[in-house]
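Asks: Okay, predicted coordinates and the sequence, questions at the end:
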Amino acid sequence: MNRFVPLSALALVIATPVSAQDDRFDNVEIRAEQLVPGIAVLFGRGGNIGVSHGEDGTVLIDDQFAPLTERIQAAIAALGADPVRFLFNTHWHGDHTGGNENFGEAGALILAHENVRIRMANGSEGDRPVPPAAPVALPVVTYHDGVKLHLNGDTVHAIHMHNAHTDGDSVIWWEVANIVHMGDLFFHQMSLPFIDRASGGSAQGLLAAVERVLAMIDDETRIIPGHGPMATRADLVAYRAMLLTINEQVQAAIDAGSSLEEIQAMNIAAPYEVEGGFISAERYIGFVHDSLTDPDAMAHEHADHGPDHDDGDDHH
């Protein structure tokens, strides 16, 4: 069973403000949930963080935002773990890579799909430009299809999923512990999915990625979603059914000659909309329609995204 590490042991709140110029993170607490001995998930603000620790070193999956690094490091130490040795990024968005520069400067080796390094190094233009990342924040080890690390009595698989949430998504799977971190391929109980068309994402790829993960796991697998609470295979099966149903209904409407506006008015995604979610049913249909009608085209405008969206910068 899951157990929460006592809050008093985690040193959750730093006494001094994170930044005089950015107080959005002042009250953020990092909460740790141990999944099995040596593997935990950290919840804070931004993407959920996976932690594996043991005699071979500490492996971190994603790192949220830069102002939270000290609190994340304190939570890792409270688990009894050494400082981070390896850091995986599940994709390039800033709510998952914002701490890279801090962890890189502290000596962590950063690993990610090759498109993550390319997008971070180039940054992006548009209404909400993202500046190129500092060299120390960039992944040092990149891969095309995937990579394995043999650490702490387990085999950690990083598996690339093509053109799903973005073009650089990785699923991280602990083979022995039977735990998988899905990054933003899976938003659990907090919003309809975000498909970053400007970063190579597609509705077809998202569905294919979820189906691939389902083929890898079993009913005992613990799933760390990119955002939201811990999940089970049954939760992911339901998520897959939603993706498939929406894709099929939007495709049928396209085949019948309906326009995007007409399809949005059909409220296909409305039954799945999450109260308070940052992606509306109408907007999600837009992602699916764009994916199905022009699968090779990327949106010209860099999309706003992220459950912690305040001013458009949180998720880059």
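Replies: Happy to help now that I have it.
Asks: What ranges in the stretch 201-316 of the chain fall below the confidence cut-off?
Replies: Filtered on pLDDT under 70, the stretch 201-316 of the chain yields the residue ranges 297-316.
Asks: Start from the N-terminal end of it and give the strands.
Replies: With strands called from DSSP state E, counting those that start in this stretch, the stretch 201-316 of the chain shows them at 222-224.
Asks: go on, the stretch 51-200 of the chain?
Replies: Using DSSP E, counting those that start in this stretch, strands in the stretch 51-200 of the chain cover 58-61, 84-88, 109-113, 141-143, 146-151, 154-161, 169-174, 179-181.
Asks: so what's residue 217 up against?
Replies: 173, 178, 180, 223, 233, 236 (CB atoms under 8 Å, 6 or more residues apart in numbering). C-betas here are computed from N, CA, C, even on glycine.
Asks: wait, isn't the last one in contact with residue 223?
Replies: This means residue 236. Yes. At 6.0 Å, residue 236 and residue 223 qualify as touching, with contact defined as CB atoms under 8 Å.
Asks: helices or strands up against the helix ranked longest in the chain?
Replies: Taking DSSP state H as the criterion, the chain has its longest helix at helix 233-255. Applying 3 or more CB pairs under 8 Å, 6 or more residues apart in numbering; DSSP states H and E, we find helix 233-255 packed against helix 203-216, strand 222-224, helix 260-265, helix 281-293.
Asks: nearest to residue 188, of these?
Replies: The closest of the helices and strands packed on helix 233-255 to residue 188 is strand 222-224. By CB to CB, the value is 7.8 Å.
Asks: immediately after the helix or strand hosting residue 35, which helix or strand?
Replies: Using DSSP states H and E, residue 35 sits within strand 31-36. Counting by DSSP H and E, the element after strand 31-36 in chain order, helix or strand, is strand 39-43.
Asks: Contacts only, for the nearest residue to residue 117 once chain neighbours are set aside.
Replies: Nearest non-adjacent residue to residue 117, counting by CB to CB, 6 or more residues apart in numbering: residue 139, 4.5 Å away. Residue 139 makes contact with 89, 110, 111, 112, 116, 117, 120, according to CB under 8 Å, 6+ apart.
Asks: Next: residue 273.
Replies: 192, 280, 281.
Asks: would a markdown table of the residues you listed with distance to residue 185 and neighbour count be doable?
Replies: Shown next, in a markdown table, are the contacts of residue 273 (distance: CB to CB, whole Å; neighbours: other CB atoms under 10 Å):
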| residue | distance to residue 185 | neighbour count |
| --- | --- | --- |
| 192 | 13 | 24 |
| 280 | 20 | 16 |
| 281 | 20 | 19 |
